[in-house]
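Asks: Output the structure for:
(one chain, ligands or ions: 2)
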Amino acid sequence: MKVYNTLSRQKEEFVPLEDGKVKMYVCGPTVYNLIHIGNARPMIVFDTVRRYMEYKGYEVNFVSNFTDVDDKIIKKAMEEGVSTQEISNRYIAECKKDMAAMNVEPATTHPLATEEIDGMLEMISTLIDKGYAYPAGDGTVYFRTRKFKEYGKLSHKNLDDLQAGHRKIKVTGEEKEDSLDFVLWKPKKEGEPYWESPWCQGRPGWHIECSVMSKKYLGEEIDIHAGGEDLIFPHHENEIAQSEACNGKIFARYWLHNGFLNIDNKKMSKSLGNFFTVREISEKYDLQVLRFFMLSAHYRSPLNFSEELMEAAKNGLDRIRNGAENLKHLWKNAKSPQMTEEEKELWEKSKEFVVKFETAMDDDFNTADGISAVFELVKYANTKADGDSSKEFLDCLYQRLVKLCGILGILAEGKEEILDEEIERLIEERQAARKEKNFARADEIRGMLLAQGIILEDTREGVKWKRA
Ligand code: AMP
Ligand code: ZN
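Replies: Ligands and ions are numbered 1, 2, ... in the order given. So this is what the prediction gives:
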């Protein structure tokens, strides 16, 4: 599997730190409002990356935070005359509802910045002890950027160019040693939430939050760190500086960044006011359509949002849904139980679409080509399956389709479609085959079930089955 690494600016073979396991951190939203569909892009994209990794057999530890202390949250709380916690709790709950409707799986852990302050105080103290950070007179703690020799390695920026840019905008009234230094801890202002610290009553800077939460839930070295491309600089660059200076280890091996969701070729953002919330879109479309729309482009390409493209996504998704419905319908009415020799060949041939899908996804998660493979499978099923097809053939095709769609997180209702009846029938057939010493057929059935995630266990009480 190849992934594009922002660090090296090229596609690299994915090799996890630990065999069979993936440790992945995705920067989550700041919760002061309903999320917009730009924020939804990394959620959908990296949920799909996670699902594909799981499909490939990896155990994925997926951590995504909520930034629940921030200037914008404080501003909103003041406007409404409520606590910052009330604002963040409200929008975390709303965000989770949107995620569920987009079929984005909950992370293994969703840490909250405000619950991890102790870890932040500890990391900042270590950075001070190691000479990488210093408190200024007003209690602000800064990171000593130039001391971290590799600063700029992710964003491919040069420190002197950065410094020249900084000089032009000249920051006054600060006690920084160097204009490149960034904040780790800042003093509270009147009426703001704060925590005690050795330096002042205050709150953490944004970057330190992710370094600490990633370390706590995934360890000092992780496989993948991800987010939107606007996070490359300064957020991720600063995270690398803090974590690597503190831990003395490479922080993350692969840095993945999604391109922007645009409107009229401009980044959708709250500050420009050119956004649609996920909630607004849900009034017009099933959010699986939004998901399908996002996945029809490569995650690193910019994607322009338009009514037209959403309509095209709706039609595309409907085509897949209809294909699945058709198979289900035929299955219900099918008479013959077992695949004929001809069907066996057709079934074997349909593997080609799985191979095509995997090839696309193995190439830096090319969901656009993955979707083409799904369309081809649907077309194949529509032409090869009919009223004379066997139950087994129809079920196998259906399961194959559901499996691929499951990786993309579309066709969610298919997930619940449990054809227990068919499983029981195949198990009976396998028992009969074994009795007749037709072990080839028995093994074939076991393999077929396994391909659908059904594991058989031969016990003294008979055959038991479970879903993988
Ligand atoms: P924020 O709440 O602004 O920190 O954003 C949360 C996540 O959404 C980050 O990974 C951002 O990079 C991402 N994001 C924000 N706006 C867009 C956009 N228009 N297109 C793609 N990703 C975005
Ligand atoms: Zn982050």
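Asks: what element comes up after the helix-or-strand element of the chain with minimal mean pLDDT heading to the C-terminus?
Replies: Here the helix or strand of the chain ranked lowest by mean pLDDT, DSSP states H and E is helix 412-415, holding a mean of 56. Following helix 412-415 in sequence order, the next helix or strand is helix 420-435 (DSSP states H and E).
Asks: which parts of that following helix are buried?
Replies: E422, I423, R425, L426, I427, E429, R430, A433, R434 (16 or more other CB atoms under 10 Å). Just so you know, the C-beta spots here come from the backbone N, C-alpha and C atoms, and that holds for glycine as well.
Asks: likewise stretch 282-300?
Replies: Buried residues in stretch 282-300 (16+ other CB under 10 Å): 282, 285, 287-300.
Asks: Please apply the same query to stretch 91-107.
Replies: So, applying 16+ other CB under 10 Å, buried residues of stretch 91-107: Y91, I92, E94, C95, D98, M99, A101, M102, N103, V104, A107.
Asks: For D178, which non-adjacent residue is spatially closest?
Replies: Nearest non-adjacent residue to D178, counting by CB to CB, 6 or more residues apart in numbering: R146, 6.0 Å away.
Asks: part of a strand, is the one you found?
Replies: No: counting by DSSP: H, G, I helix; E, B strand; the rest coil, R146 falls outside a strand, being helix.
Asks: For it, grab the count of nearby residues.
Replies: 13 (other CB atoms under 10 Å).
Asks: Let me see the contact set for it.
Replies: Contacts here follow CB atoms under 8 Å, 6 or more residues apart in numbering; on that basis R146 touches L159, D178, L180.
Asks: Which pLDDT value does the model give it?
Replies: R146 is assigned 96 on the pLDDT scale.
Asks: same question, R467
Replies: On pLDDT, R467 comes in at 77.
Asks: Go ahead and confirm it touches L449.
Replies: No: under the criterion of CB atoms under 8 Å, R467 makes no contact with L449, lying 10.1 Å away.
Asks: Mind checking which of those two has more residues around it?
Replies: L449 (19 against 9).
Asks: Now do stretch 405-424: distance from first to last residue.
Replies: Start-to-end span of stretch 405-424 (CA to CA, to the nearest Å) is 24 Å.
Asks: Quickly list the domain ranges of this protein.
Replies: The chain breaks down by automatic domain parsing into domains covering 2-258, 278-408, 420-467.
Asks: out of these, nearest to D264?
Replies: domain 278-408 (7.6 Å; CB to CB).
Asks: sorry, back to before: rank the domains of the chain by pLDDT, which is bottom?
Replies: Sorting the domains of the chain by mean pLDDT places domain 420-467 lowest, at a mean of 84.
Asks: Which residue does this protein have closest to ligand 1?
Replies: In the chain, the residue that lies nearest ligand 1 is G228 (1.9 Å; CB to the nearest ligand atom).
Asks: sorry, back to before: name the residues contacting each of R467 and L449.
Replies: Overlap of the contact sets of R467 and L449 (by CB under 8 Å, 6+ apart) consists of I455.
Asks: Adjacent strands (with direction) for the one helix or strand K466 maps to?
Replies: Per DSSP H and E, K466 falls inside strand 462-467. Sheet pairing here is set by DSSP bridges, and for strand 462-467 it gives strand 454-459 (antiparallel).
Asks: buried stuff in stretch 211-230?
Replies: For stretch 211-230, burial by neighbour count (16+ other CB under 10 Å) applies to 211-215, 217-218, 221-229.
Asks: do the same with stretch 373-390
Replies: A373, V374, L377, V378, Y380, A381, K384, A385, S389, S390.
Asks: among those residues, which two are most distant?
Replies: Spatially, the most separated pair among those is A373 and S390, at 24.4 Å (CB to CB).
Asks: Out of the buried residues of stretch 211-230, flag the one nearest to G131.
Replies: Out of these, the member with the shortest distance to G131 (by CB to CB) is S211, at 17.4 Å.
Asks: Just the element for the closest one, please.
Replies: Per DSSP H and E: S211 is located in helix 206-218.
Asks: For stretch 345-363, which outside residues touch it?
Replies: 1-2, 11, 52, 339, 366-370, 372-374, 376-377, 380-381, 384, 393, 396-397, 400, 404, 407.
Asks: List the buried residues of the top helix by length along the chain.
Replies: The longest helix of the chain (DSSP state H) is helix 307-333. Across helix 307-333, burial judged by 16+ other CB under 10 Å covers 310, 313-314, 316-317, 320-321, 323-324, 326-328, 330-331.
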